[in-house]
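> pasting a predicted model and its sequence here:
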Amino acid sequence: AAGSVRLSAAAGGSATAASGVSLNGEGFLEGMVLMQRARRAPAGPSVFQAGVRSSMRRLLAAALAGLVWVSVGWLPAQAAAPITSQSYVKETGLDALKAKGLDGAGVTIAVLDGPPDLSVPELQGADVTVSELCQFTPLPYSVAHGTAVLSLLASPAFGWAPKAKYLFYTTWGGIPQGASDGPQTCPTGISRSLASRINQAITDGAQIITSSVVTLTDVDDELAFALARAMAKGVAVTIAVGNDHSDIIGSAAHNGVIGVGANDATGARASFSNFGPGLSVMAPGAGIAIRAMDADQKLTVINPKGQGTSLAAPMVAGALALAKQAFPKATGNQLVQSLIKTAQRSGTAWDPYVGWGSFAPSLLTTQDPTGLPDVNPLANKIPAASPTTQEYADYVDGLVHPAAITNDPDYVYRGNDKEIAAQYP
């Protein structure tokens with residue numbers, strides 16, 4: 001991709017770059033996503049629109065909310081002791097899955113987050129390619145956040161899929177207290193949006209995509225049609241729902257997305273985890289060891305109490321990767337079907353506070369999903385949200401105006417408008 005750089009964890013070093021989005025977990029601007037989606041919703045009341053109205057009333061408070069988990073540092077760590085264990089490994093049955101030889105081998109996972117510090121001990125030996133679609137200078141929080149997310153997936157000691165191939169697309173982040181990463185510059189044809197990164201990941205062969213970011217620049221069509229492409233290609237997408245104890249869940253509210261909430265150390269819903277329409281499943285998101293900066297802004301300090309939905313989302317992506325390894329013929333849509341089907345809950349209906357329940361990795365990796373429908377079960381989780389059924393159909397049929405789509409080399413306009421066809425041959 002234009003403007004990309006390739007790094008490996010074995011080589012060490014940190015990376016920079018990316019997109020016009022905000023890192024998930026500060027409260028900030030998720031409500032704007034739902035507000036602008038609501039403007040495009042069909043007339044008449046709906047649960048989704050009611051949630052939007054409630055979200056609007058709390059938007060300012062959410063925008064000022066503080067971090068739920070704190071870990072900062074961006075310079076390469078030096079002589080740091082490795083994190084060797086996490087309580088969730090046993091609690092989720094990950095230890096047993098590892099003992100069976102499930103490690104993500106043969107699966108490609110894309111991570112969209114702040115640029116990671118690949119020199120930390122937890123990431124040594126990981127197969128990571130870092131791509132900078134846009135250039136920017138990150139603040140310490142962004143790198144600490146991306147490092148923590150990637151470590152939960154790729155660490156040999158406690159990562160869900162240490163043998164997977166990782167495509168990491170760095171993202172520009174909004175930081176608490178009004179700070180932000182430095183200005184970003186993008187090459188021609190690449191927008192600053194989350195949609196650009198999702199489309200790049202699909203183009204580069206990602207089978208599973210995980211993001212702990214939200215964005216304002218994707219509130220119209222770009223993200224909707226990137227997700228339509230993901231569903232059409234059978235690529236599973238997980239996005240964290242946020243940490244403000246509110247029904248503002250931002251990008252995770254889009255159809256086709258696995259919106260991931262956080263459980264606390266007891267397995268119950270964490271008090272900070274957002275809820276409402278768009279929430280799909282729960283995963284551990286508290287009491288997790290993550291790296292924080294020392295006085296020299298190096299990631300040498302270990303915080304044993306990291307928490308946030310940003311940490312839960314990659315766990316679900318990792319579990320999906322193990323299921324893909326176990327059932328290589330399963331499509332991404334079938335894996336999502338199985339994820340919802342096997343989730344553990346106290347009833348059969350969707351619940352606004354826990355979605356379809358807590359993910360169940362042991363069941364997900366033992367129940368063959370290849371007989372399930374090859375259709376994303378979350379394609380219409382919120383009828384008023386995008387991509388709508390019509391938007392998805394229009395994308396597949398080539399009827400969407402190409403100006404609404406970014407960084408998608410597969411899309412070809414096949415409509416009858418001669419002017420559009422001439423402008424976008």
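Great, that's in hand. In this text, all values refer to a predicted model and were calculated from it rather than measured experimentally. Numbers count the residues shown, from 1 in each chain.

> helix or strand right after the host helix or strand of residue 143?
Using DSSP states H and E, residue 143 sits in helix 140-154. Note on helix 140-154: by DSSP H and E, the next helix or strand toward the C-terminus is strand 165-170.

> which parts of that next one are buried?
165-170 (16 or more other Cβ atoms under 10 Å). Glycine gets a C-beta too; all of them are placed from N, C-alpha and C.

> and the helices in this protein?
For the chain, applying DSSP state H gives helices covering 30-39, 47-57, 59-64, 88-91, 94-99, 140-154, 194-203, 222-233, 309-326, 332-342, 361-364, 389-397, 418-423.

> now the longest one - C-alpha only, PDB.
Looking back up the chat, that one is helix 309-326. Extracted C-alpha coordinates of helix 309-326, given in PDB (Å, rounded to 0.1, in the frame of the first residue of the first chain):
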ATOM      1  CA  THR A 309     -13.300  -2.900  26.100                       C
ATOM      2  CA  SER A 310     -10.300  -2.200  24.100                       C
ATOM      3  CA  LEU A 311      -8.700  -5.200  25.700                       C
ATOM      4  CA  ALA A 312     -11.800  -7.400  25.200                       C
ATOM      5  CA  ALA A 313     -12.200  -6.900  21.500                       C
ATOM      6  CA  PRO A 314      -8.900  -8.600  20.500                       C
ATOM      7  CA  MET A 315      -9.700 -11.600  22.700                       C
ATOM      8  CA  VAL A 316     -12.800 -12.300  20.600                       C
ATOM      9  CA  ALA A 317     -10.700 -11.800  17.400                       C
ATOM     10  CA  GLY A 318      -8.200 -14.300  18.800                       C
ATOM     11  CA  ALA A 319     -10.800 -16.800  19.600                       C
ATOM     12  CA  LEU A 320     -12.200 -16.500  16.100                       C
ATOM     13  CA  ALA A 321      -8.700 -17.100  14.800                       C
ATOM     14  CA  LEU A 322      -8.400 -20.400  16.800                       C
ATOM     15  CA  ALA A 323     -11.800 -21.500  15.400                       C
ATOM     16  CA  LYS A 324     -10.600 -20.700  11.900                       C
ATOM     17  CA  GLN A 325      -7.500 -22.800  12.500                       C
ATOM     18  CA  ALA A 326      -9.600 -25.600  13.800                       C
END
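
> what is it packed up against?
In terms of contacts (3 or more Cβ pairs under 8 Å, 6 or more residues apart in numbering; DSSP states H and E), helix 309-326 is packed against strand 108-113, helix 140-154, strand 208-211, strand 236-240, strand 258-263, strand 279-284, helix 332-342, helix 361-364.

> now those in TSV, with mean pLDDT?
Formatted as TSV, the helices and strands packed on helix 309-326 follow (pLDDT from 0 to 100):
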stretch	mean pLDDT
strand 108-113	96
helix 140-154	93
strand 208-211	97
strand 236-240	97
strand 258-263	98
strand 279-284	98
helix 332-342	98
helix 361-364	98
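
> possible to save these as a markdown table with mean neighbour count and distance to residue 309?
Conversion of those to a markdown table gives the following (neighbours: other Cβ atoms under 10 Å; distance: least, Cβ to Cβ, whole Å):
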| stretch | mean neighbour count | distance to residue 309 |
| --- | --- | --- |
| strand 108-113 | 27 | 13 |
| helix 140-154 | 28 | 11 |
| strand 208-211 | 30 | 11 |
| strand 236-240 | 31 | 4 |
| strand 258-263 | 30 | 5 |
| strand 279-284 | 28 | 9 |
| helix 332-342 | 24 | 16 |
| helix 361-364 | 20 | 18 |
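
> got these as TSV, with distance to residue 394 columns?
Listed next are the helices and strands packed on helix 309-326 as TSV, based on distance: least, Cβ to Cβ, whole Å:
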stretch	distance to residue 394
strand 108-113	25
helix 140-154	33
strand 208-211	22
strand 236-240	20
strand 258-263	23
strand 279-284	24
helix 332-342	19
helix 361-364	32
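
> my guess is residue 327 contacts residue 369, does it?
Yes. Under the criterion of Cβ atoms under 8 Å, residue 327 makes contact with residue 369 at 5.9 Å.

> give me the common contacts of these two.
residue 335 (Cβ atoms under 8 Å, 6 or more residues apart in numbering).

> before we move on, back to that, out of the helices and strands packed on helix 309-326, which is closest to residue 160?
Taking Cβ to Cβ, helix 140-154 is the member of the helices and strands packed on helix 309-326 nearest to residue 160, at 5.5 Å.

> by contact count, what packs against the closest one?
Looks like helix 140-154 contacts strand 22-23, strand 108-113, strand 165-170, strand 288-292, helix 309-326 (3+ Cβ pairs under 8 Å, 6+ apart).

> and which of the buried residues of strand 165-170 is nearest to residue 148?
Of those, the one sitting nearest to residue 148 (Cβ to Cβ) turns out to be residue 168, at 13.0 Å.

> got a pLDDT number for that closest one?
Turning to residue 168, the model gives it a pLDDT of 97.

> how much space separates it from residue 97?
Residue 168 sits 23 Å away from residue 97, going by Cβ to Cβ, to the nearest Å.

> same question, residue 292
From residue 292 to residue 97 the distance is 29 Å (Cβ to Cβ).

> for those two, indicate the residue with more neighbours.
residue 97 (24 against 18; other Cβ atoms under 10 Å).

> I'd say the more buried one and residue 364 touch.
No. Applying Cβ under 8 Å as the test, residue 97 and residue 364 come out as separate, 9.6 Å apart.

> what touches both of the two?
What both residue 97 and residue 364 touch, as defined by Cβ under 8 Å, 6+ apart, is the set residue 322.

> follow-up on the earlier one: can you check which of the helices and strands packed on helix 140-154 gets nearest to residue 83?
Comparison of the helices and strands packed on helix 140-154 against residue 83 by Cβ to Cβ identifies strand 288-292 as nearest, at 4.8 Å.

> as PDB, could you dump the C-alpha coordinates of the closest one?
What follows is strand 288-292, C-alpha atoms only, in PDB (Å, rounded to 0.1, in the frame of the first residue of the first chain):
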ATOM      1  CA  ILE A 288      -5.300  -7.600  32.800                       C
ATOM      2  CA  ALA A 289      -1.500  -6.900  33.000                       C
ATOM      3  CA  ILE A 290      -0.400  -4.200  30.500                       C
ATOM      4  CA  ARG A 291       2.600  -2.000  30.000                       C
ATOM      5  CA  ALA A 292       2.800   1.600  31.200                       C
END
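
> partner strands of that strand, parallel or antiparallel?
Here strand 288-292 is paired, per DSSP bridges, with strand 301-306 (antiparallel).

> next, the buried residues of the partner strand.
For strand 301-306, using 16+ other Cβ under 10 Å, the buried residues are 301, 303, 306.
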